[in-house]
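Participant: coordinates for the following, if possible.
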Amino acid sequence: MNSFIYQESTIAFVTAAAQTCLLIEKAEEHSREEWREQMLRLLPVLYLRTRLLEMPEERLLEEEPQRFVTEEDYNYTLLGIRNLMGSDDAYLDVFVDGGIYTDEVQTAYISEGVADIYQELKDMAAAFQTGQEPIMNDAVLVCREAFDEHWGQKLLAVMRALHAIQKNDGLMD
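Facilitator: Below you'll find the model as predicted:
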């Protein structure tokens, strides 16, 4: 039995990822305000659970983990969030790929950030559901590496944008 897969930090991470995926997949069942509020509650938990994840020492398989999210899945998610967010989808950002600051303000989209995060989480969660420990191990490792490389920064940007929208709507507690 691979102890990494059954560690408390791994289970907590996979649980947070699954909850986030479910909220993203069922976005159309919520009002914009409900979805935004739930995302603002889940994203910090996901970030923390990802940071607290104890990493496995190495990959167990030679090949890359299977990708489960298709281009159609990605686009469906992107368009669903874009439709839900409407005019609030776009926000201004000063980061470029790799988390590097730029002097130029760029337009970014909540829907694109969420779809990118969803793709990484859903691929990991689907691999985890195989029940095959080497696949599970490598899927979590690849997802955590991708967090460091890009989706962690996207998560923070999406949180910042959602927070600003909520603040501007006068809904801050």
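
Participant: where in the chain is pLDDT low?
Facilitator: Along the chain, segments meeting pLDDT under 70 span 1-2, 95-102, 170-173.

Participant: please redo it, this time with the cut-off set to 80
Facilitator: When the per-residue scores of the chain are filtered using pLDDT under 80, the ranges that remain are 1-3, 56-57, 94-104, 167-173.

Participant: how far away is the most centrally placed residue in it from residue 152?
Facilitator: In the chain, the residue lying closest to the centroid (Cα atoms, centre = their mean) is residue 117, at 3.0 Å. Distance, residue 117 to residue 152, using Cβ to Cβ, to the nearest Å: 9 Å. (Each C-beta comes from the backbone N, C-alpha and C, glycine too.)

Participant: if we can go back for a sec, same for the helix or strand in which the residue nearest to the centre of the chain is found, what does it pack against?
Facilitator: Secondary structure from DSSP states H and E places residue 117 in helix 110-128. If contacts are counted by 3 or more Cβ pairs under 8 Å, 6 or more residues apart in numbering; DSSP states H and E, helix 110-128 sits against helix 8-25, helix 71-85, helix 133-146, helix 152-168.

Participant: quick one, phi psi at residue 92?
Facilitator: phi -100, psi 140 (degrees, to the nearest 10).

Participant: return the most buried member of the helices and strands packed on helix 110-128.
Facilitator: Stretch with highest mean neighbour count among the helices and strands packed on helix 110-128: helix 133-146 (a mean of 20; mean count of other Cβ atoms under 10 Å).

Participant: gap between that one and the chain center?
Facilitator: Here the centre of helix 133-146 is set off from its chain's centre by 15 Å, with Cα atoms, centre = their mean, to the nearest Å.

Participant: and stretch 131-144, by the same measure?
Facilitator: 16 Å.
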